[in-house]
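Novice: next come a sequence and a model predicted from it.
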Amino acid sequence: MPLKRGFVHVYTGNGKGKTSAALGLCLRALGRGLSCCFIQFLKGKPTGEIEAVKKLPNFHFIQTGRPDYDFCVTEVDKELALRGFQLAEEAIEKFDILVLDEINIVVHLGLIPLSRVIDLIDRKPPRVELILTGRHAKAEIIKRADYVTEFCLVKHPFYRGENAREGIDF
Ligand code: ATP
Ligand code: MG
């Protein structure tokens, strides 16, 4: 049974938890029989969530980044982001929940024009829930969203030299 009405969410800010929150929303939706498509931009490394969602029916997870992405953007990253966005434009018609993980950064970096993301939001089918994550969400995206959450950094062990931990951070 699809949603009666679908809304738009933005998870932004520099605190930890944006991708995790989007995954949590999908988990809840799956439990209620909704289908989810999770498109992760920029990142291409193995993560715990990829292993977990492989086991879930109705969860379609696609990573579109290169495995050696190191925050230094190249033409290849632009090409991969555009390809990922084409998948998003198709997926918006096919799933109940569509997550565009790190899309705000993709727009911030100029890899995909803001106008294309706005078009996608504006032509979202009424029953589809759309979630856009990543730091530096543009005001034009925030204006169109129904739920906007800013994850605020208070403390993070990275700043006392701790490395990212498998199973917690990836
Ligand atoms: P998560 O994937 O844990 O839900 P996130 O999506 O909010 O976090 P991103 O900005 O996508 O965070 O960064 C991804 C990685 O960087 C994660 O491993 C996360 O733990 C780590 N991270 C998140 N916020 C910070 C921060 N403020 N400083 C350093 N590392 C961070
Ligand atoms: Mg993230």
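Specialist: Ah, there it is. Residues are numbered from 1 along each chain as shown. Ligands and ions are numbered 1, 2, ... in the order given.

Novice: contacts and neighbour counts: CA atoms only from here.
Specialist: Noted.

Novice: spatially central, which residue of this protein would that be?
Specialist: The centre of the chain sits closest to Asp101, judged by C-alpha atoms, centre = their mean, with a distance of 1.4 Å.

Novice: between the two ends of stretch 159-170, how far is it?
Specialist: 17 Å (C-alpha to C-alpha, to the nearest Å).

Novice: excluding its own residues, what touches that stretch? List them.
Specialist: Residues outside stretch 159-170 that contact it (C-alpha atoms under 8 Å, 6 or more residues apart in numbering) are Pro46, Thr47, Gly48, Glu49, Pro157, Phe158.

Novice: same question, stretch 60-71
Specialist: The contact list for stretch 60-71 (C-alpha under 8 Å, 6+ apart) reads 36-45, 50, 53, 77, 80-81, 83-84.

Novice: now swap in stretch 73-87 and tell me
Specialist: Contacts with stretch 73-87, where a contact means C-alpha under 8 Å, 6+ apart, come from Ile39, Phe41, Leu42, Thr64, Gly65, Arg66, Val106, Leu111, Ile112.

Novice: and that stretch, which residues are buried?
Specialist: Across stretch 73-87, burial judged by 16 or more other C-alpha atoms under 10 Å covers Asp77, Lys78, Leu80, Ala81, Leu82, Gly84, Phe85.

Novice: what do you get for stretch 109-124?
Specialist: Across stretch 109-124, burial judged by 16+ other C-alpha under 10 Å covers Leu111, Ile112, Leu114, Val117, Ile121, Lys124.

Novice: on that earlier part again, any chance of JSON lines for the contacts of stretch 73-87, columns pLDDT and distance to ligand 1?
Specialist: Output for these, formatted as JSON lines (pLDDT from 0 to 100; distance: C-alpha to the nearest ligand atom, whole Å):
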{"residue": "Ile39", "pLDDT": "98", "distance to ligand 1": "13"}
{"residue": "Phe41", "pLDDT": "98", "distance to ligand 1": "10"}
{"residue": "Leu42", "pLDDT": "96", "distance to ligand 1": "10"}
{"residue": "Thr64", "pLDDT": "96", "distance to ligand 1": "14"}
{"residue": "Gly65", "pLDDT": "94", "distance to ligand 1": "13"}
{"residue": "Arg66", "pLDDT": "92", "distance to ligand 1": "15"}
{"residue": "Val106", "pLDDT": "97", "distance to ligand 1": "12"}
{"residue": "Leu111", "pLDDT": "97", "distance to ligand 1": "17"}
{"residue": "Ile112", "pLDDT": "98", "distance to ligand 1": "18"}
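
Novice: specify the local secondary structure of Leu132.
Specialist: strand (DSSP: H, G, I helix; E, B strand; the rest coil).
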